[in-house]
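**Student:** the following block contains a protein sequence and its predicted model.
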Amino acid sequence: RVYMPAAIADRVDPETVSLAKVKTMLKPKKVLTAPSEASDHESVGGQSGYGDDNISLSRSVSRKRRPNISQITGELSKSLIQILNVPESRAGCAGYPGGLTEQDLKAILDLRLLVKSRASEGDKTFHEIVRAYMDLEPEPYALCRFMRARKFKLDKVLTMLQAAATVWDEGRRLEFCPDFKEAIGAPLPVLRTQYPYIYSGVAKNGCLVSYFRAGSVSIEGVECVTSLDQMGKMAWHQMMHEFPSHIAKAQKSHDGVVRAEAMVVVDLKGLDSSALNGRTLEVMKKLIWVYSCFPEVLNSMIILNTPVFFSYSWRIIRSFVDPRTATKVTMFSDEAMGREFIQKCVEKDQILEDYGGSGPTFNEVVEEEMEGANRLVVKVCSISHGGEAEVSIELGEGEKVDLEVYTRSVLGADIHIREGGVTRKDVELLPIVPGQNDAVEPKCTNIASDIEGPGTFTVGVHSKEAEGNGLNPHDCHQDHFLLVGNIK
């Protein structure tokens, strides 16, 4: 730890200091230092050499690499210098505060001056991108995050920011989608049933832990709720609202959570090779396009239950993923080995019960997010024209169900709600008329809100005939209906 007299830290005005002055101050000077707590060795990590403490395997920094922090105090505030020298989190590894070389610090300083200069001239885009999590992520960690993404090469960081600025303009136009239902067309818990991802727990290195059950994604169900082209809006909501809200929640319950990063557990159980097609790859590209504004948010990714065919699919996916991001991925075809690996990185009480921990189950986390509901009954009905499907719903004493149907059907359907063979309600779903460029937008219809228990109810969905709608039967292969029962 470096101890600085206050006179050194306060000798210049941080708002008016020139870059030339800063460079002069970067020249070596004798400073009084206390013995460093850093180890004498440089541990090995990933290819980049920065921030490879992924999954709790920390990298230490040699004393010989420790910079004289007080040399650059002219521009940086006391609090910023203190954090750069003594990290607030459990990182302390190369590329993070507490593990920076003098060259790293100079690059950070140059980036900070450039971002401030552009903002003072009226262009605040770079500042908005770098400080997207300013209320939760201390400035030193934000600056390090962007510099690590390009190995502390300032010119490459600026190129990255220029590209991200175009993406950011799109997010700004959408106001970063604060209202999920308005942006996507359905509440977040409903989409989660078809695109299951959640945040739950904090890893040993102070990063959030998230889970994505990629093998359980239902493309048909997702398209009943929203179009795949709209999934970018989901990404904006996730990164600008959901992700920071979980950081804030973790900061209240855990010490040392200052990093805007997440460890992602991806479960491929149930994944079919047909799911990785042109449509899903386009969705991935759209999501990655949005994520480009948030470099180094992925701390690490652990993929479980990888099928044999995924090695080929990964080569395709890797082709449009940032090379540094790709090095953070660890795969396990054996789920037991994968769980053991997770437990090395995350305390047992912070791991979902589904993956060998003592935390909540995946479904319990989803249910916690439902407002005014005890549980959801969700079923995707895929029906050929003229066909029928049924869904059974059991209600206990005092329970009531609110039934909704999401669909993009151009045929329409008849809905029948029966109890013990007796029809309780009939509802007609009118065909959806294609809009501009023959696009069919998803539609939600409330079909019942007065069905009360106790009892067992059968909901029948009967797709209409193509001929009755003036359509060619050969153009109507299947209709998909997402039935959602919100039980209170």
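**Tutor:** The structure has been received and is ready for your questions.

**Student:** what about the stretch 51-200 of the chain, any weak spots by pLDDT?
**Tutor:** Along the stretch 51-200 of the chain, segments meeting pLDDT under 70 span 51-92.

**Student:** so what touches stretch 303-311?
**Tutor:** 215, 265-269, 271, 273, 329-333, 335, 338-339, 355 (C-beta atoms under 8 Å, 6 or more residues apart in numbering). All C-beta atoms are positioned from the backbone trio N, CA, C, and that covers glycine.

**Student:** give me that answer again for 10 Å
**Tutor:** When contacts are defined by C-beta atoms under 10 Å, 6 or more residues apart in numbering, stretch 303-311 is touched by residues 211-215, 264-273, 276, 313-314, 317, 329-339, 341-342, 355.

**Student:** end to end on that stretch, go ahead and measure it.
**Tutor:** 12 Å (C-alpha to C-alpha, to the nearest Å).

**Student:** about what we covered before: just the ones of the contacts of stretch 303-311 in strands?
**Tutor:** Among those, the members found in strands (DSSP state E) are Tyr211, Phe212, Val264, Val265, Val266, Asp267, Val329, Thr330, Met331, Phe332.

**Student:** who touches Lys124 in this structure?
**Tutor:** Val115, Arg118, Arg131 are the contacts of Lys124 under C-beta under 10 Å, 6+ apart.

**Student:** if I pick Ser227, what's in contact with it?
**Tutor:** So Ser227 contacts Ile184, Gly185, Arg408, Ala439, Val440, Glu441, Pro442 (C-beta under 10 Å, 6+ apart).

**Student:** how many residues are close by the last one?
**Tutor:** Applying other C-beta atoms under 10 Å, we find 20 residues neighbouring Pro442.

**Student:** tell me the pLDDT at it?
**Tutor:** Pro442 carries a pLDDT value of 87.

**Student:** list the contacts for it?
**Tutor:** 184-186, 222-227, 230, 406-409, 432, 482.

**Student:** the same query, at a cut-off of 7 Å, please.
**Tutor:** Neighbouring residues of Pro442 by C-beta atoms under 7 Å, 6 or more residues apart in numbering: Gly185, Cys224, Val225, Thr226, Ser227, Tyr406, Thr407, Arg408.

**Student:** tell me the secondary structure at the closest residue to Pro434 other than its chain neighbours.
**Tutor:** Spatial nearest neighbour of Pro434, excluding adjacent residues (C-beta to C-beta, 6 or more residues apart in numbering): Val440 at 5.1 Å. Look at Val440: counting by DSSP: H, G, I helix; E, B strand; the rest coil, its state is coil.

**Student:** so where do the helices sit in the stretch 351-488 of the chain?
**Tutor:** Assigned by DSSP state H, counting those that start in this stretch, the helices in the stretch 351-488 of the chain fall at 362-368.

**Student:** low-confidence stretches in it?
**Tutor:** In the stretch 351-488 of the chain, residues with pLDDT under 70: 371-373, 435-439, 466-477.

**Student:** report the separation between the residue nearest to Gln230 when sequence neighbours are not counted and Val217.
**Tutor:** Sequence neighbours aside, Ile184 is the residue nearest to Gln230 in space, at 6.3 Å (criterion: C-beta to C-beta, 6+ apart). Separation of Ile184 from Val217 (C-beta to C-beta, to the nearest Å): 15 Å.

**Student:** what about the two, which has more around it?
**Tutor:** Between Ile184 and Val217, counted using other C-beta under 10 Å, Ile184 has the larger neighbour count: 23 against 18.

**Student:** list the contacts for that one?
**Tutor:** Ile184 touches Leu191, Val225, Thr226, Gln230, Lys233, Met234, counting by C-beta under 7 Å, 6+ apart.

**Student:** His416 now?
**Tutor:** Going by C-beta under 7 Å, 6+ apart, His416 touches Thr423, Asp426, Gly460.

**Student:** and the strands in this protein?
**Tutor:** 197-202, 208-212, 262-267, 298-304, 329-332, 375-383, 388-395, 400-407, 413-419, 422-429, 443-452, 455-463, 479-487.
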